[in-house]
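Asks: make a model of this:
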Amino acid sequence: MTPPASPIGKVTLIGLGTRGTALGLALSKPELNLRVVGSDRDAGAAKRALASGAVHHVERNPGRACEGSDLVMLAVPYLDVRFVLEAIAPALKADAVVVETAPLKMPTFEWAAQAMPRDRHLVGAYLVVRHPAPEPPTPLFERALMIVVAPRGSDSTALEFTTRLAPALGASSFFVDPQEFDGLMAGTQDLPVLLSLACYRAVTEVPGWRDARRLAGDTFAEATSLLTSLDPPRAAAELAANRENLARRLGLALEQLEELRRILGGDEPQAAEKLEALLREAVEGRRQWMQARSDPTHDRPERRPETPSLHDSFARMFGLGKEQLDIVRGTKGASTAKKP
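Replies: As a prediction, this is how the structure comes out:
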């Protein structure tokens with residue numbers, strides 16, 4: 001793919017799977033005038049991303065891919081984030097912004113603090129794709145929700161830079177603290193995996209499973225379906241890394257299970273009445289959530305760039321655009337002397 005003439009900035013994408021390629025397709029749009037360089041240790045994935053137009057150039061070495069980049073986006077699994085940060089840190093230019101998209105944030109900020117110089121900035125992001133996910137040619141992140149995750153004291157320009165990515169992707173954005181984010185992920189992503197595991201073991205780790213497996217139908221298959229898409233080593237590492245938050249969520253789940261056991265311990269009519277009330281409440285609540293999930297932005301105001309177009313917005317953030325941003329803010333050339 002031919003890179004744009006005189007691009008306003010360089011973006012590097014590390015990880016060119018489904019999401020990395022979707023990020024590239026959004027950022028390589030001609031109106032943004034960015035040079036997008038991709039890197040992936042899977043040569044096949046890199047070749048497909050290049051052929052699709054998601055990147056203008058492929059560089060196998062992640063450090064070389066990042067040289068001179070204003071923005072580096074990581075679309076790699078959680079376990080690879082630390083390795084990638086250590087590999088690219090020496091090549092990052094001053095004030096470069098690194099945006100990582102893994103589903104766990106507290107450890108990634110700790111790794112960045114160890115690997116990256118202080119004038120290079122890490123910002124977390126997590127993209128919630130609408131359900132069902134759109135099919136090509138509709139962009140994957142159209143009407144998605146980009147959660148921007150950063151600790152207190154993060155560089156304000158890096159945060160603004162990251163937030164401005166959302167409209168380029170077709171998404172809206174909002175901010176979450178890293179600790180809060182990991183806690184929320186423990187409940188919405190990690191806990192269901194452990195409950196699926198517990199359900200499977202509760203049924204199969206008994207002598208009657210040989211006969212019961214002939215009777216197990218769609219209900220059991222659906223309840224344990226999360227196990228089929230797991231990479232056990234990666235999943236175990238992510239669960240263990242978020243173990244404190246997950247232990248609290250398991251405690252809440254145990255309270256719910258104990259309540260259900262108490263209900264089942266009562267007489268049959270009373271148990272049926274209480275279970276019906278709980279089921280009705282859950283069914284309606286889930287219906288409303290699924291309806292809202294089809295448009296994750298429905299209850300949050302979309303954050304738009306302050307400038308009239310995406311091109312102008314990005315021009316202010318890349319390269320000389322940073323100097324222009326200082327002018328807009330009235331900070332360029334301002335005295336740094338302390339006021340009396």
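
Asks: C-alpha from now on. contacts and neighbour counts both.
Replies: Will do.

Asks: in this structure, which helix is the longest?
Replies: helix 268-293 (DSSP state H).

Asks: just checking, what packs against that helix?
Replies: Applying 3 or more CA pairs under 8 Å, 6 or more residues apart in numbering; DSSP states H and E, one finds that helix 268-293 contacts helix 243-264.

Asks: report the angle between the strand or helix carrying A198 and helix 243-264.
Replies: Of the helices and strands defined by DSSP states H and E, A198 is found in helix 191-204. Helix 191-204 and helix 243-264 are oriented at 50 degrees to each other (axes from the mean of the first three to the mean of the last three CA atoms, to 10 degrees).

Asks: in this structure, which spans are strands?
Replies: Taking DSSP state E to define them, one finds strands in the chain at 9-14, 34-39, 57-58, 71-74, 97-100, 121-128, 145-149, 172-176.

Asks: dump the ones you listed to JSON lines, plus mean pLDDT, distance to L27 and mean neighbour count.
Replies: JSON lines is the format used below for the strands of the chain (pLDDT from 0 to 100; distance: least, CA to CA, whole Å; neighbours: other CA atoms under 10 Å):
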{"stretch": "strand 9-14", "mean pLDDT": "96", "distance to L27": "8", "mean neighbour count": "26"}
{"stretch": "strand 34-39", "mean pLDDT": "97", "distance to L27": "7", "mean neighbour count": "26"}
{"stretch": "strand 57-58", "mean pLDDT": "97", "distance to L27": "13", "mean neighbour count": "20"}
{"stretch": "strand 71-74", "mean pLDDT": "97", "distance to L27": "11", "mean neighbour count": "25"}
{"stretch": "strand 97-100", "mean pLDDT": "97", "distance to L27": "14", "mean neighbour count": "26"}
{"stretch": "strand 121-128", "mean pLDDT": "96", "distance to L27": "15", "mean neighbour count": "23"}
{"stretch": "strand 145-149", "mean pLDDT": "96", "distance to L27": "15", "mean neighbour count": "25"}
{"stretch": "strand 172-176", "mean pLDDT": "93", "distance to L27": "16", "mean neighbour count": "20"}
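
Asks: tell me how many other residues crowd A46.
Replies: Using other CA atoms under 10 Å, A46 is surrounded by 25 other residues.

Asks: quick check: closest non-adjacent residue to M317.
Replies: Closest residue in space to M317, ignoring its immediate chain neighbours: F161 at 6.3 Å, by CA to CA, 6 or more residues apart in numbering.

Asks: right, I mislabeled it, should have said L250
Replies: Setting aside the residues directly before and after it, L250 is nearest to L191 in space (CA to CA, 6+ apart), at 6.9 Å.

Asks: so the one you found touches R249, yeah?
Replies: Yes. Taking contacts as CA atoms under 8 Å, L191 lies within contact range of R249: 6.8 Å.

Asks: what residue is smack in the middle of this structure?
Replies: Centroid-nearest residue in the chain, with CA atoms, centre = their mean: Y126, separated by 2.2 Å.

Asks: distance-wise, check it relative to A5.
Replies: As for Y126, its distance to A5 is 31 Å (criterion: CA to CA, to the nearest Å).

Asks: same check on Q114?
Replies: Note on Q114: its distance to A5, by CA to CA, is 37 Å.

Asks: R286 now?
Replies: Between R286 and A5 the distance is 50 Å, computed by CA to CA.

Asks: between the two, which has more neighbouring residues?
Replies: It is R286, of R286 and A5, that has more neighbours when counted by other CA under 10 Å, with 12 against 9.

Asks: now the more buried one: how far from G153?
Replies: R286 sits 37 Å away from G153, taking CA to CA as the criterion.

Asks: can you give me the pLDDT of P232?
Replies: Predicted confidence (pLDDT) for P232: 95.

Asks: for it, grab the count of nearby residues.
Replies: Using other CA under 10 Å, the number of residues around P232 comes to 11.

Asks: the one 5 residues further on now?
Replies: Residue neighbour count, defined by other CA under 10 Å, stands at 13 for A237.

Asks: which non-adjacent residue is nearest it?
Replies: Here the residue nearest A237, using CA to CA, 6+ apart, is L79, at 7.6 Å.

Asks: test my guess that that neighbour contacts R234.
Replies: Yes. If you go by CA under 8 Å, L79 and R234 touch, sitting 6.8 Å apart.

Asks: returning to what we had before: would you format the strands of the chain as TSV with distance to L230 included?
Replies: Converted to TSV, these look like this (distance: least, CA to CA, whole Å):
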stretch	distance to L230
strand 9-14	22
strand 34-39	25
strand 57-58	29
strand 71-74	21
strand 97-100	21
strand 121-128	19
strand 145-149	24
strand 172-176	27
